[in-house]
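Undergrad: no FASTA, just this:
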């Protein structure tokens, strides 16, 4: 742990600004260390856990396997030519080896062992390596259910199958469990920096939900969306989806729908404003929804009925995360949480998903907004330790003063480990007040 902290302290600029972003060169240095740690320390454990002693990944430039994308060296933006990576673990000696059977070394962490001058045929070189290692289970990325574990193209499967001796063809298995574990598992080094990522994301939201950006009666929700996109570019970051910003108000009869559209409303005093926003940085992703209130002239706080509605949203969060148990499936957690919420008089909807190297990542899914009765396959996947989630949900609340229902929509990154569940960087418990410097986050 001390070594990890030294690495972080040398990479991150520490001062009062939460949006200090590493220059690209320093990012590359950190990502290289992060990938080395995952490849050399995490991957052998996952291969042993899933019973696969050889994992073969094959991709072509611009058509990368989603798993290979998570392994790309920081100075590579794409795979090169035909890239073949092979990871092998000796079940007896526990000796682990990672190699590239490709024209180039795969960055600093995976050396190339293919000498084209000695063996001109890349596929024959792969066959020779497999035969020499003699794996009992040869894992490849094919899956009927998990897209991130289904990266092997039909052409590459045919090529692999054609060159293998018959006995090794019989040893081919789906590496689905291994691929999901690789995607979903967070390392200690990753979690050391994840809180900063979440803080950067929330800081952008807090700036967007301020009078610096919003002038009530003039600014539209779409204006705020594009300000957020520009801000992310200004910081040298990326969004992994187009943000949305919407409002709910007394005189609007529409209840916010899951239509993936940013409503083109002009923001007005008295509006309840909501955003859905996520950034990508240092190979990880955030996914955050927060709520704000546009103060009316003379107001110093949001109305009590909105404060109470916010507390109901937080209660649904508590119910859900208190039901996180190792080995429980997403569908079991969903059913128990919805039943408990409804028993307390709440009207919850839960659609929490894994979060990490992808925004909508692999692992345990707890509902979808349009599948509140359970989700096939990903909802049946058991909850694992050292995994991260976007705790995404809403609760519908009737507001007598507005004579209508509203939705309190919340989303916040969280982590589940052997010590239980925790929010990675606190959660929102109070509405952001546009025109106020009130800090609406608690730890």
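TA: Cool, the structure landed. Values in this document were obtained by computation on a predicted structure and should not be read as measured data. Numbers count the residues shown, from 1 in each chain.

Undergrad: surely residue 352 meets residue 391?
TA: Yes: using CB atoms under 8 Å, residue 352 makes contact with residue 391 at a distance of 5.4 Å. All C-beta spots, glycine's among them, are computed from the backbone N, C-alpha and C.

Undergrad: So for these two, which residues contact both of them?
TA: residue 320 (CB atoms under 8 Å, 6 or more residues apart in numbering).

Undergrad: So what would you say the end-to-end distance of stretch 225-241 is?
TA: 11 Å (CA to CA, to the nearest Å).

Undergrad: Show residues contacting it.
TA: For stretch 225-241, using CB under 8 Å, 6+ apart, the contacting residues are 19, 21, 24, 200, 204-205, 207-208, 213, 242-245, 262, 275, 277-281, 285, 358-359.

Undergrad: Let's see the ChimeraX selection covering just the buried ones among those residues.
TA: In ChimeraX syntax, the buried subset of the contacts of stretch 225-241 is picked out as below (16 or more other CB atoms under 10 Å):
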select :21,200,204,205,208,213,243,244,245,262,275,277,278,279,280,281,285,358,359
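
Undergrad: any chance you could map the helices in the chain?
TA: 2-11, 24-37, 43-50, 66-71, 122-133, 154-163, 166-169, 176-184, 188-208, 221-234, 304-322, 330-343 (DSSP state H).

Undergrad: Just the pLDDT for residue 274.
TA: What the model reports as pLDDT for residue 274 is 97.

Undergrad: For it, give me its contacts.
TA: 245-248, 256, 289-292, 409 are the contacts of residue 274 under CB under 8 Å, 6+ apart.

Undergrad: what are the bridge partners for it, then?
TA: Beta bridges link residue 274 to residue 246, residue 291, judged by DSSP bridges.

Undergrad: going forward can the numbers begin at 41, since that is how I track them
TA: I'll keep to 41 as the first residue from here, and by that count the last item is residue 314.

Undergrad: gap between it and residue 449?
TA: For residue 314, the distance to residue 449 equals 6 Å [CB to CB, to the nearest Å].

Undergrad: quick one: the most far-flung residue of the chain relative to its centre from residue 94, how far?
TA: Centroid-distance maximum for the chain: residue 158 at 42.7 Å, with CA atoms, centre = their mean. Going from residue 158 to residue 94 by CB to CB gives 23 Å.

Undergrad: Pull the contacting residues for the residue positioned nearest the centre of the chain.
TA: Closest residue to the average C-alpha location of the chain: residue 395 at 2.5 Å, with CA atoms, centre = their mean. Residues in contact with residue 395 (CB under 8 Å, 6+ apart) are 325-327, 401, 428-430, 453.

Undergrad: what about residue 382, how many residues close to it?
TA: Neighbour count of residue 382, defined by other CB atoms under 10 Å: 11.

Undergrad: Not counting sequence-adjacent ones, nearest residue to it?
TA: residue 388 (7.1 Å; CB to CB, 6 or more residues apart in numbering).

Undergrad: what pairs with that neighbour across the strands?
TA: residue 435.

Undergrad: my guess is it contacts residue 437, does it?
TA: No: if you go by CB under 8 Å, residue 388 and residue 437 don't touch, sitting 10.6 Å apart.

Undergrad: And for residue 197, the neighbour number?
TA: 15.

Undergrad: Same check on the one 3 residues further on?
TA: A count of neighbours around residue 200, defined by other CB under 10 Å, yields 22.

Undergrad: How about the contacts made by it?
TA: Per CB under 8 Å, 6+ apart, neighbours of residue 200: 96, 98, 163, 166, 180, 212.

Undergrad: again, 7 Å this time
TA: Applying CB atoms under 7 Å, 6 or more residues apart in numbering, we find residue 200 in contact with 96, 98.

Undergrad: Any stretches of the stretch 241-390 of the chain with poor pLDDT?
TA: Residues of the stretch 241-390 of the chain meeting the criterion pLDDT under 70: 292-303.

Undergrad: circling back: out of the contacts of residue 395, which is most surrounded?
TA: Counting neighbours by other CB under 10 Å, residue 429 leads the contacts of residue 395 with 30 neighbours.

Undergrad: So that residue versus residue 453, what's the distance?
TA: Separation of residue 429 from residue 453 (CB to CB): 7 Å.

Undergrad: Is it correct that residue 437 is in contact with residue 350?
TA: No: assessed by CB atoms under 7 Å, residue 437 is found out of contact with residue 350, at 9.1 Å.

Undergrad: residues contacting residue 161?
TA: Contacts of residue 161 (CB under 7 Å, 6+ apart): none.

Undergrad: surely residue 227 meets residue 77?
TA: Yes: assessed by CB under 7 Å, residue 227 is found in contact with residue 77 at 5.9 Å.

Undergrad: Of those two, which one has the most company?
TA: Counted by other CB under 10 Å, residue 227 and residue 77 do not tie: residue 77 has more neighbours, with 18 against 14.

Undergrad: Narrow the contacts of residue 395 to those in strands?
TA: When the contacts of residue 395 are checked against strands (DSSP state E), the matches are 325, 428-430, 453.

Undergrad: Of those, which is the nearest to residue 231?
TA: Distance to residue 231, by CB to CB, is smallest for residue 428 among those, at 8.1 Å.

Undergrad: For that closest one, which residues are in contact?
TA: Applying CB under 7 Å, 6+ apart to residue 428 gives the contacts 226, 394-396, 453-455.

Undergrad: can you tell me which residues contact the nearest residue to residue 217 once chain neighbours are set aside?
TA: Leaving out its chain neighbours, the residue that sits closest to residue 217 by CB to CB, 6+ apart is residue 90, at 4.6 Å. Remark: with contacts taken as CB under 7 Å, 6+ apart, residue 90 is in contact with 217-218, 221.
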